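> Okay, structure incoming, though there's no sequence with it:
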């Protein structure tokens, strides 16, 4: 039966409970309180009068009902298992939880569950009762179990309650620093191991011992180089155009317009062209490599290669190393030419002595400038390849890891490109 209990009056001695009345396993009705439960139309029960029984010993005291003067004020709901529910196992808990949730919607002070019809209880049933008790206690409803048979009571008593996990103290600054240092050292060792294995695989591929075909390298060259050629040429031409225009405006005040095209040509060859190619490769190629390798890692295709005796580094990473080594300098030279062309168009438009500026650029632009750009582009390509391949092969097995690997590859590639650019430019300048 499910109903509302409104009990008021003074506490007075009550006669002992009749024989056969349900005894409380965990709590019971307060002594001296007379409660009448209305019939619920969808339960197999009749009107009943429940008299308070002496409280059984409890491990934890339930909160007492609110007091107003000498009267008890509060509500209670009784849920009685139907006669057909003689077992509480893996089949029954979901429906029982729905019944308890429906009974708790009125937010009573006490929810009493009559287990007199229950004859058997397994560990799933015990876990269900305890989970429901904890959930209802969090919203302020006290749960009392009544009328349990000796077998059910023994099952409840013999099943240990799960202990809450121990809360470990937060790590200190020294521990966090040591953990970060160890993680960084392990990552660096893994990176060095992958790079060494890739170099060994590249050397073996040159002499004919390889697990891939040169067609794989050609496919990677097409994706990295041919597909990126239009955007590389367009951006380089626009960069040269803007650079020449801004420089010409400043140099025009001093009458040195003839050196503007020379400045644009040397700047594109030494720094701007390899850098813009590296940024495009970091934005296009690095996430693509990391996503491909991370997807294969998530699908455990790399594990299949290892079981077959094929190294994923030599089979998947080495072809991309060959491709990016060839693509980076080629795109850099094309970007240099496009940037010089963009600057020449501005010079042709603004400077009537454009031929003198063109001859000055050809005289001052040397092979050393082009060689510096090519060296930078190769180093940038290797950095991008190393960052993207490492993040892809060490991404993990979750679906989220693919996106994380792509993001990390792009960010790490751009960061280390800037670092390498600063180091190489400084060393080259000092050497000159």
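Received the coordinates, thanks. Here the structure is a predicted model, which means the values were calculated and not measured.

> wait, residue 358 sits on residue 345?
No: using CB atoms under 8 Å, residue 358 is not in contact with residue 345, being 11.7 Å away. Every residue, glycine included, has its C-beta placed from N, CA and C.

> more crowded one of those two?
Using other CB atoms under 10 Å, the more surrounded residue of residue 358 and residue 345 is residue 358, with 19 against 16.

> any idea how far the more buried one is from residue 312?
Look at residue 358 and residue 312: by CB to CB, to the nearest Å, they are 51 Å apart.

> ditto for residue 221
In terms of CB to CB, residue 221 sits 21 Å off from residue 312.

> ok, now residue 320?
12 Å.

> what do you get for residue 334?
Distance from residue 334 to residue 312, by CB to CB: 32 Å.

> Neighbour count: these two, which is higher?
residue 312 (22 against 18).

> Residue 382: neighbour count?
The burial count for residue 382: 17, using other CB under 10 Å.

> quick one: contacts for it?
Applying CB atoms under 8 Å, 6 or more residues apart in numbering to residue 382 gives the contacts 321, 324, 325.

> Next: residue 126.
Contacts of residue 126 (CB under 8 Å, 6+ apart): 155, 156, 159.

> Pretty sure it sits in a strand.
No: with DSSP: H, G, I helix; E, B strand; the rest coil as the criterion, residue 126 is located in helix rather than a strand.

> Okay, it and residue 150: tell me how far apart.
For residue 126 relative to residue 150 (CB to CB), the value is 15 Å.

> now residue 348
With CB to CB as the criterion, residue 348 and residue 150 are 104 Å apart.

> just the helices in this structure please.
Remark: helices assigned in the chain by DSSP state H are 93-103, 123-138, 150-158, 173-206, 214-221, 229-251, 260-267, 273-298, 301-307, 312, 318-350, 354-364, 367-393, 399-431.

> could you dump these to a markdown table with mean pLDDT and distance to residue 114?
Supplementary listing: the helices of the chain in a markdown table, determined by pLDDT from 0 to 100; distance: least, CB to CB, whole Å:
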| stretch | mean pLDDT | distance to residue 114 |
| --- | --- | --- |
| helix 93-103 | 71 | 12 |
| helix 123-138 | 80 | 13 |
| helix 150-158 | 81 | 12 |
| helix 173-206 | 91 | 53 |
| helix 214-221 | 90 | 72 |
| helix 229-251 | 88 | 75 |
| helix 260-267 | 86 | 88 |
| helix 273-298 | 91 | 52 |
| helix 301-307 | 88 | 55 |
| helix 312 | 88 | 63 |
| helix 318-350 | 90 | 70 |
| helix 354-364 | 82 | 97 |
| helix 367-393 | 91 | 60 |
| helix 399-431 | 90 | 47 |
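
> For residue 110, which of those is the nearest?
helix 123-138 (10.0 Å; CB to CB).

> Could you give me the buried positions within the closest one?
Within helix 123-138, the residues that count as buried by 16 or more other CB atoms under 10 Å are 125, 126, 128, 129, 132, 133, 136.

> quick one, that helix and helix 93-103 angle?
20 degrees (axes from the mean of the first three to the mean of the last three CA atoms, to 10 degrees).

> Show me how far helix 123-138 is from its chain's centre.
Here helix 123-138 is found 32 Å from its chain centre; the criterion is CA atoms, centre = their mean, to the nearest Å.

> for stretch 377-397, same thing?
That offset, for stretch 377-397, works out to 20 Å (CA atoms, centre = their mean).

> cool, and stretch 135-153?
That offset, for stretch 135-153, works out to 40 Å (CA atoms, centre = their mean).

> first to last residue in it, what's the distance?
End-to-end distance for stretch 135-153: 21 Å, by CA to CA, to the nearest Å.
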